[in-house]
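In: okay, here's the prediction I keep looking at, along with the sequence it came from:
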Amino acid sequence: MNPTLLHIDNVHKTFAGLHALSDVNLDIREGETHAIIGPNGAGKSTLLNVCVGVIAPTKGKVLFDGQQLTGRRPFEINQLGVARVFQTPEIFGDLTVIENVMMAMLSHRDGAFRLRLLSRFDERGQVGRRAAKALADLGLGDHLHHLAGALSRGDKRRLELVMSLAQDPKMLLLDEPTAGMARADTNTTIDILRDIKRKTGITIVIIEHDMHVVFSLADRITVLAGGRVIAQGVPEEIKGNPKVIEAYLGEEQV
Ligand SMILES: Nc1ncnc2c1ncn2[C@@H]1O[C@H](COP(=O)(O)OP(=O)(O)OP(=O)(O)O)[C@@H](O)[C@H]1O
């Protein structure tokens, strides 16, 4: 069994009396793809936000690679090697695709505060060549000089993935990476994530509603309902688990 990379220890979060998370314990192992699923309002986004420092837990702590994350600010957590890909792509629409990636690479290398933007965007330099290759690897090689804001929704998500990987993270947190995509785009995203996994061995945590995506990618699954972990295991253990089916009644079938 691989060692634990992310350790969520007895995390609790209340919002004005509402228990969004209660006693959540979860270990993410190095190199696994771990899906966190659950019906609407289960606490998935809150848990992800606690992990990346956007929300402070009311109780409990999170450790990453042996270091305490709780109390650190999001950019510090990012620098420790945790990259989050948002549901809504966080890209600079007025810059070109390759400029977006170069900026992610330069800000990782130099720190965002030292980044002198346009003067450094030399695409013929080493960073430019790396950015072009990273984009080509994820199927965006034909879009290098297009404005990022003009990309299709699926391509924007792919660009954000390239930007996250440019920071060379140890763990990737994906928040509904296929939300709103057509089936063909969803399948392309599944293939891309599998390819990233095969090439880098990176640890992936994925929140996803689409069970096709979950069962295509996950090595293990944790199910949240009402802010609590109600089931955990490999996909075969989760499929058909009566507690999980009950939690999803009235929603999609597992
Ligand atoms: N900032 C907030 N203030 C108050 N309540 C919140 C806040 N964020 C989340 N909640 C509540 O906490 C509970 C868990 O929400 P959360 O968004 O984590 O669930 P989720 O599993 O991600 O749901 P979905 O799948 O619908 O995105 C919900 O009842 C939600 O209304």
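Out: All right, it came through fine.
In: quick one: terminal-to-terminal distance for stretch 217-234?
Out: Start and end residues of stretch 217-234 are separated by 11 Å (C-alpha to C-alpha, to the nearest Å).
In: average pLDDT for that stretch, rounded please.
Out: Per-residue pLDDT values over stretch 217-234 give a mean of 96.
In: ok, residues contacting that stretch?
Out: Contacts with stretch 217-234, where a contact means C-beta atoms under 8 Å, 6 or more residues apart in numbering, come from 13, 19-26, 29, 32-39, 42-44, 46-47, 190, 193-194, 204, 206, 214, 235, 237-238, 241, 243-244, 247. In this view, the C-beta of every residue, glycine as well, is placed from N, C-alpha and C.
In: buried residues, that stretch. List them.
Out: Of the residues in stretch 217-234, 217-218, 220-225, 227-232 count as buried by neighbour count, 16 or more other C-beta atoms under 10 Å.
In: quick one: R129 from I98, how far?
Out: 10 Å (C-beta to C-beta, to the nearest Å).
In: neighbour count: the two, which is higher?
Out: Between R129 and I98, counted using other C-beta atoms under 10 Å, the more crowded position is I98 (24 against 11).
In: go ahead and confirm the more buried one touches L147.
Out: No. Under the criterion of C-beta atoms under 8 Å, I98 is not in contact with L147, lying 11.0 Å apart.
In: where exactly do the helices run in the stretch 51-200 of the chain?
Out: Per DSSP state H, counting those that start in this stretch, the stretch 51-200 of the chain carries helices over the ranges 74-79, 97-110, 126-137, 153-165, 183-200.
In: in three-state terms, label I8 for me.
Out: With DSSP: H, G, I helix; E, B strand; the rest coil as the basis, I8 sits in strand.
In: can you check H12 too?
Out: strand.
In: now do the contacts for R158.
Out: Listed by C-beta under 8 Å, 6+ apart, the contact partners of R158 are 138-140, 189, 192.
In: could you say what helices and strands whatever helix or strand E237 lives in packs with?
Out: Secondary structure from DSSP states H and E places E237 in helix 235-238. When contacts are defined as 3 or more C-beta pairs under 8 Å, 6 or more residues apart in numbering; DSSP states H and E, helix 235-238 packs onto strand 220-225.
In: name the next helix or strand following the strand it packs on along the chain.
Out: Using DSSP H and E, the helix or strand that follows strand 220-225 towards the C-terminus is strand 228-233.
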